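Engineer: Using only what follows, build the 3D model:
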Amino acid sequence: MTETRAEIRLPTNELRDDLPFYMKVLKMRLDMIYPADNPEVAVLSGHGLRLRIEKGAKEAPGTIRILTEDPDSFAEGKRELTAPNGTRIEIDELNPPLVLPATQHAFVVRRLADQAPWVIGRAGMMYRDLVPSRLGGAMIASHIRVPDGKVPDMVHFHKVGFQLIFCIKGWVDVLYEDQGGIRRLHAGDCFIQPPQIRHRVLESGEGIEVIEIGVPADHVTEIDHEMTLPTPDYRPDREWDGQRFVHDIGAKGAFQPFRLPGFVARDTSINANTKGVASVMVAKPDGGETRWTRHDGDILFTFVMSGSMVLEGEGKEPYRLSPGDAFVMPPGMATRYAEPSADLELLEVTLPGNPPTVVV
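Structural biologist: This next block holds a predicted model:
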């Protein structure tokens, strides 16, 4: 097999000034230097990087980011340095803790008829943003379509606090770490993807649409080049950051009294399997009178899957909602789901799970 290497070239005015910095401060290894009598090129390697520092090179000095598990002991704890050749060095944590921004509460209504743009996102999928403000970075809600049913996906994972995939149309096949073979999600089904569980989307049927909820809004997706799915062991009780994988099958669900008068709902078991991080419910009217209520949770997101209703909020004009519409209700605000059609079906996602609700 032919060996191939890649280098990043950096400029210098005086190589002898740079070598002590890169070797002693940045702990890189000198692999090559020439000519011997008056060196003008040095090649160093370290931390997964290979550098060619060359006298008179035309490139800009650039920036090198070094990620380490213990940044306080690297480079005497300095987080930003400048090499003699002008290259900026940033020292950061290899696995920084997940930061959950404080929720910036707002009453949000996003209607499909308003022609919110569809954009091409990861793996060629089409994304429609359901909460443009993202509540200050606290969450992201996306309506996702797969144009041709094929997803050029790789084994990957997300650094999140909570992530839901709910299928509203069609079907999609996914492989998950330690969860056996192919999992097929049909309309009405959902997955809870615990933090950092490895998975890969395989393919989907024509017309596939899903709702994806992620907390926080800005979270990292990493490719795992080592893991092959499916994994050999089936471990249904495994936890990732205290959360279990859930594959809820909607057709098997039973409807029970809901937190809102005039509605019943089926529980997807996500509240129990995330230990209260979130709850995901599918609600529909039971023919009874709807009432004004207030919730005392943090995030309450709702997507209209079928049917219609009028959303009333104190101090707001009423909104007539239909399939594809979504809304967020801030805590403490009185609202009412008026004039629900018999075929109304709502997807409700709350964080934390099962928020206290009072009838006004």
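Engineer: Let me see the domain layout of this protein.
Structural biologist: Here the domain assignment for the chain is 8-93, 111-248, 252-359, based on automatic domain parsing.
Engineer: got JSON lines for these, with distance to M1 and mean pLDDT too?
Structural biologist: Placement of C-beta: from N, CA and C, glycine included. Shown next, in JSON lines, are the domains of the chain (distance: least, C-beta to C-beta, whole Å; pLDDT from 0 to 100):
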{"stretch": "domain 8-93", "distance to M1": "19", "mean pLDDT": "96"}
{"stretch": "domain 111-248", "distance to M1": "18", "mean pLDDT": "91"}
{"stretch": "domain 252-359", "distance to M1": "46", "mean pLDDT": "97"}
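Engineer: right, and these - which one's nearest H105?
Structural biologist: Among these, domain 252-359 comes nearest to H105, with 3.7 Å by C-beta to C-beta.
Engineer: chain center to the closest one, what's the gap?
Structural biologist: 23 Å (C-alpha atoms, centre = their mean, to the nearest Å).
Engineer: related to what we said a few turns ago, let's have the domains of the chain in TSV, adding distance to T2.
Structural biologist: Conversion of the domains of the chain to TSV gives the following (distance: least, C-beta to C-beta, whole Å):
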stretch	distance to T2
domain 8-93	17
domain 111-248	21
domain 252-359	49
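Engineer: Please name whichever of the ones you listed is nearest to A102.
Structural biologist: domain 111-248 (6.7 Å).
Engineer: Give me the distance between the two termini of the closest one.
Structural biologist: Domain 111-248 has an end-to-end distance of 27 Å (criterion: C-alpha to C-alpha, to the nearest Å).
Engineer: Make TSV out of the domains of the chain and add distance to A102 and mean neighbour count.
Structural biologist: Shown next, in TSV, are those (distance: least, C-beta to C-beta, whole Å; neighbours: other C-beta atoms under 10 Å):
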stretch	distance to A102	mean neighbour count
domain 8-93	22	15
domain 111-248	7	17
domain 252-359	9	18
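Engineer: Any idea which of those domains gets closest to L100?
Structural biologist: Of these, nearest to L100 by C-beta to C-beta is domain 111-248, at 5.4 Å.
Engineer: Am I right that D17 is in contact with P84?
Structural biologist: Yes - at 4.0 Å, D17 and P84 qualify as touching, with contact defined as C-beta atoms under 8 Å.
Engineer: quick one: the helices in the stretch 1-150 of the chain?
Structural biologist: Ranges of helices in the stretch 1-150 of the chain, per DSSP state H, counting those that start in this stretch, are 15-20.
Engineer: any idea what sits nearest P261, other than its immediate chain neighbours?
Structural biologist: Once flanking residues are discounted, P261 sits nearest to R291: 4.3 Å by C-beta to C-beta, 6 or more residues apart in numbering.
Engineer: re earlier: determine which of the domains of the chain approaches V99 most closely.
Structural biologist: Nearest of the domains of the chain to V99, taken as C-beta to C-beta: domain 111-248 at 7.0 Å.
Engineer: what about the closest one, distance to the chain center?
Structural biologist: Centroid separation for domain 111-248 versus its chain: 8 Å, with C-alpha atoms, centre = their mean.
Engineer: Please apply the same query to stretch 74-88.
Structural biologist: Using C-alpha atoms, centre = their mean, the offset of stretch 74-88 from its chain centre is 32 Å.
Engineer: Repeat that for stretch 97-106.
Structural biologist: With C-alpha atoms, centre = their mean, you get 13 Å for stretch 97-106.
Engineer: Grab the CA positions of that stretch and hand them over as CSV.
Structural biologist: Extracted C-alpha coordinates of stretch 97-106, given in CSV (Å, rounded to 0.1, in the frame of the first residue of the first chain):
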residue,chain,number,x,y,z
PRO,A,97,-19.1,19.8,29.5
LEU,A,98,-22.5,20.3,27.8
VAL,A,99,-23.8,23.7,28.5
LEU,A,100,-27.6,24.2,28.6
PRO,A,101,-28.4,27.8,28.0
ALA,A,102,-31.1,29.4,30.1
THR,A,103,-34.4,29.4,28.3
GLN,A,104,-35.6,32.7,26.9
HIS,A,105,-39.3,32.1,27.1
ALA,A,106,-41.6,33.3,24.4
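Engineer: Which positions in it come out as buried?
Structural biologist: 103, 105 (16 or more other C-beta atoms under 10 Å).
Engineer: Contacts made by that stretch with the rest, please.
Structural biologist: Identification of contacts with stretch 97-106 by C-beta atoms under 8 Å, 6 or more residues apart in numbering yields 133, 135-139, 159-161, 195, 215-217, 219, 298-299, 328, 330-331.
Engineer: Among those residues, name the ones in strands.
Structural biologist: 159, 215, 299, 328 (DSSP state E).
Engineer: Could I get the phi/psi values of E339?
Structural biologist: The phi/psi pair for E339 (degrees, to the nearest 10) reads phi 50, psi 50.
Engineer: re earlier: quick check: of the ones in strands among the contacts of stretch 97-106, which lies closest to V109?
Structural biologist: V328 (8.2 Å).
Engineer: Just confirm the closest one contacts V108, I think it does.
Structural biologist: Yes - using C-beta under 8 Å, V328 is in contact with V108, at 4.1 Å.
Engineer: hey, what's in contact with both of the two?
Structural biologist: Common neighbours of V328 and V108, using C-beta under 8 Å, 6+ apart, are 131, 135.
Engineer: re the thing from before, wait, which of the ones in strands among the contacts of stretch 97-106 is closest to M23?
Structural biologist: Nearest member of the ones in strands among the contacts of stretch 97-106 to M23, counting by C-beta to C-beta, is K159, at 32.9 Å.
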